[in-house]
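**Q** predicted model, plus sequence, below.
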Amino acid sequence: MENKAVLIQRIKESAAKNKLLVITLVLFGFCSLYNPSFLSRLNINGMMLSTSYMSLLVIGMTFVILTGGIDLSVGATAGLATVVLAYGMNNWMIANDTITLLFSIVFVLVISVAIGLVNGLFVAMLNLPPLVVTLGMTWVVTGIADTIVKGKPIPLPATPLKAFLKFKVFSVIPMMLIISLAALVLFIFVFEKLRYGRRFYTVGSSKYAAYVSGMNIRFVLINAYSIAGLLSGIAGIFIAVNLNAGYPKAANGYELYTIAAAVMGGVALEGGKGKLLNAFYGVLILQILKKLVVFTGLANISGFLEGMIVGTILVLVLFFNSLKSKGNWHE
Amino acid sequence: MSLLEAKNLCISFSGTKILYDVDFHIKEHEINCLCGENGAGKSTLVKILSGVHPHYTGQIMMNGKEVCIRSPHDASSLGIYAIHQHRDLAPDLNAVENMFLCNESYIGKGRQRLDFATMKIKAKELIAKFEVDIDVDIPVQRLSVSEQGIIAICKALASDSKLLLIDEASAPLDDAERVTLYKTLRLLAEEGKGIVYITHHLDEVFRIGNTVTVLRDGYNVAKYNVDELDKAKLIAGMTGDAKVYSRELMCAGEWIGEKVIEVRNLYAEGLYDISLYARKGEILGIAGLEGSGKKTLALNCFGFKKYSKGEILKSNRVLNLKNPLDAIKNNIGLVPDNRKETGLVLCRNISDNIIIASINKVKQRIVLNSWKTNIARGFIQQLRIKCTSPSQLVEYLSGGNQQKVLVAKWIYAGVDVLFMIEPTEGIDVGARADLYNRIREIVKEGKTIIIITSDIDELMELSDRIITMAEGRIVNEYSIEEADKQTILTDILLKHKVG
């Protein structure tokens, strides 16, 4: 009897610690019970694929938000990545197909880091507001992508890349998801254990404290935006493989989606606070919420309900979070 | 040989010179107390030496070699560590991480993997010296002010620097913790470190200092050994020769009328049993250091903070001030100390800033440009605000003129009691005299002005009556005839308890 009580107590404690995981599981359980076709292969596979690129984007976004900034250009960068990848594989002919493929991938990564680097330079060196810098970058990047495709999506040829990323380990889990989860674990380690990762927390928490302690704030800021750029490039490659095409608006709106997920996971927009793992749970919760609308039949009433419901829940989460720290105009 | 020697240090901020050819030196094993009035340049000197203000001119020598300190990183690699006046902790990080910021322990040789376990043990050892129990796992913003103060000091101890610069670190500590701090500092000095200690508590100077460097208005005054010094001599050094006031005592009282505002037995956070009054046409001065409660008192009277006990009366009527709007409705105004952030709307023009507090009283529903420009013109003439036109942005006005715009705002709002906190902070001498004249004119029209400042010269020049405050209590009250700079300074400096 006593053992049981201790066990329940333990479960309660760990549930309180991992509130978001509990919410994710509860939502998942609810959906599967309400409509068993939620567990269908097709649906689960789709959710795993989208989780893989959304979690890459949320890692990048967490880097930037932790420093107190924001990056609106990740969606556009991912879009440009899909376009450049498809365009390169179709139009460049270097030695053989494999080398063309590798070159295209490297080129995509270089471009996306460059975009992040420019964002970072403007924010760190010129002290411009990140919101405006990255908003401008969104339009620039989308414009470049539009110029390349000239209005039509470019189909992605069948390559080993596609086969590799869509290969199913144990014939269930796509390789894409495994790569993303590996990246997630890696970056959680970076954030929790490495000097490099803790710097982002310090800069976001107090730039003054970071400065008087002898930290190079500009270096940290530029790194944050560059990593966000790099990860959105990789996410773009995943998206291209998923869609089988390169298209400027392939990741349209994903930046707001990832910001929402990060904030839901407790990454504070003013910087310095939040855990990457919780931001990942935020991604899962948003994914399930979207599906929930479909699988509970609410979407039959109107397809437009999806956004409304997801938005309402997001605001409610923020509301309950803010109850803890009430606003104070005095300080 | 000196551990650190600085010669001819000069620095200015946006054209105003703060330090004039300051020389400074400290040896190993020395605890040097840096003394001076507010604005004498003590904190600025510390900030230069710790690399926060890189644009100084002059020469700094460390162990006889000339060095350049252009960033906090430079300073820390030279072995200089500063605790600044405003706590330099990252609020979201926990105590352990804050104490070892940029000075971390690592696992392995890579200097990348942080060794939290070792750091935590070291942190607990340092904190244990103060015989307190601090939770090192929660963000420091959830710790109390005194706990944060201890963490800041432990951070300095953890840095293992040769030279420690400590700017008012003891302020948030209680008596027992202060004793520990003194003991720790003396031990460090015995180990061969140099310590520069800034304090307002003169008792502290005599308790821990070996030497005292005195600054006044950005100039070096002298360096003394503590044993050749007493409090009177030190205060005289800080204040300088008694100034001859240019003020003709304008037969005060001629236009002073009945009590307008009265505070009776007020208790609030940091305030104990405050009772005072101000009369119509009077300039009341309140002298006190930062943390003496003088600012809290003004904020309470302006409805910005809620007092727990006591009452505030206006023309013999008890007020119930819930927020600043209540205060404005009762014709009480406040010119805050941080005018750029809390007083003015910098990105709007003069006329907008003048009508901002009275916008609810305006009868017209539509605010016409010509109407507000006319109002602004009147004030520009009356207060002699130097500007190109009423539509100039206040951002581009000089400090003195910005302050006049704030005064104009309250006059237009029809206040008859105006609190001014540090009214001439960051304003140069010429503009000061002008502002003083304007303030006197306003008072003659039957307004009451309460000046709250740590600048005693200012109070001596302006006020009709001076009240001194320390530790949240009123110490003394002087009429201007009996007031004397030395006594006032003694009041506000020495009435602080020191353990």
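**A** Ah, there it is.

**Q** around chain A, pick out the residues from the stretch 251-400 of chain B.
**A** B:304, B:305 (CB under 8 Å from any CB of the partner chain). Every residue, glycine included, has its C-beta placed from N, CA and C.

**Q** go with 10 Å
**A** B:299, B:304, B:305, B:323, B:324 (CB under 10 Å from any CB of the partner chain).

**Q** possible to save those residues as JSON lines with pLDDT and secondary structure?
**A** Formatted as JSON lines, these follow (pLDDT from 0 to 100; DSSP: H, G, I helix; E, B strand; the rest coil):
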{"residue": "B:299", "pLDDT": "87", "secondary structure": "helix"}
{"residue": "B:304", "pLDDT": "83", "secondary structure": "coil"}
{"residue": "B:305", "pLDDT": "81", "secondary structure": "coil"}
{"residue": "B:323", "pLDDT": "85", "secondary structure": "coil"}
{"residue": "B:324", "pLDDT": "85", "secondary structure": "helix"}
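
**Q** which of the residues you listed count as buried?
**A** Buried residues within these, counting neighbours by 16 or more other CB atoms under 10 Å in any protein chain shown: B:299, B:304, B:305, B:324.

**Q** wait, what's in contact with the second one?
**A** Counting by CB atoms under 10 Å, 6 or more residues apart in numbering or on different chains, residue B:304 touches A:329, A:330, B:296, B:298, B:321, B:323, B:324, B:327, B:334, B:336, B:342.

**Q** one step back: from the residues of the stretch 251-400 of chain B next to chain A, which two are the most distant?
**A** Longest distance between any two of these is 11.5 Å, between B:299 and B:323; criterion CB to CB.

**Q** distance of the residue positioned nearest the centre of chain B relative to residue A:212?
**A** Closest residue to the average C-alpha location of chain B: residue B:290 at 5.1 Å, with CA atoms, centre = their mean. Taking CB to CB, to the nearest Å as the measure, residue B:290 falls 20 Å from residue A:212.

**Q** show me where the stretch 1-150 of chain A has helices.
**A** Here the stretch 1-150 of chain A has its helices, by DSSP state H, counting those that start in this stretch, at A:2-17, A:19-34, A:41-66, A:74-91, A:97-126, A:130-149.

**Q** neighbours of residue B:359, how many?
**A** If you count neighbours by other CB atoms under 10 Å in any protein chain shown, residue B:359 ends up with 11.

**Q** please report phi then psi for it.
**A** As for residue B:359, its main-chain torsions (degrees, to the nearest 10) stand at phi -60, psi -30.

**Q** that one contacts residue B:413, doesn't it?
**A** Yes - shown here, residue B:359 and residue B:413 form a contact pair, counting by CB atoms under 10 Å, at 9.3 Å.

**Q** residue ranges with poor pLDDT in the chain?
**A** Just so you know, I chose chain A. For chain A, the stretches flagged by pLDDT under 70 are A:1-2, A:298-303, A:321-331.

**Q** chain B is the one I meant
**A** Those would be B:1, B:14-15, B:38-39, B:85-87, B:171, B:240-255, B:362-365, B:426-430, B:494-499, if you go by pLDDT under 70 across chain B.

**Q** now do 50
**A** Within chain B, the segments meeting pLDDT under 50 span B:242-249, B:251, B:497-499.

**Q** domains of it?
**A** B:2-239, B:259-494 (automatic domain parsing).

**Q** so who does residue 36 touch?
**A** Unless you meant another one, I'm taking chain A. residue A:295.

**Q** meant chain B actually
**A** Counting by CB under 10 Å, 6+ apart, residue B:36 touches B:42-43, B:45, B:198, B:200, B:213-219, B:221, B:237-239.

**Q** can you tell me which of these end up in helices?
**A** Using DSSP state H, the members of the contacts of residue B:36 that fall in helices are B:42, B:43, B:45, B:237, B:238, B:239.

**Q** so how far is chain A from residue B:434?
**A** Residue B:434 sits at a distance of 32 Å from chain A (criterion: CB to the nearest CB, to the nearest Å).
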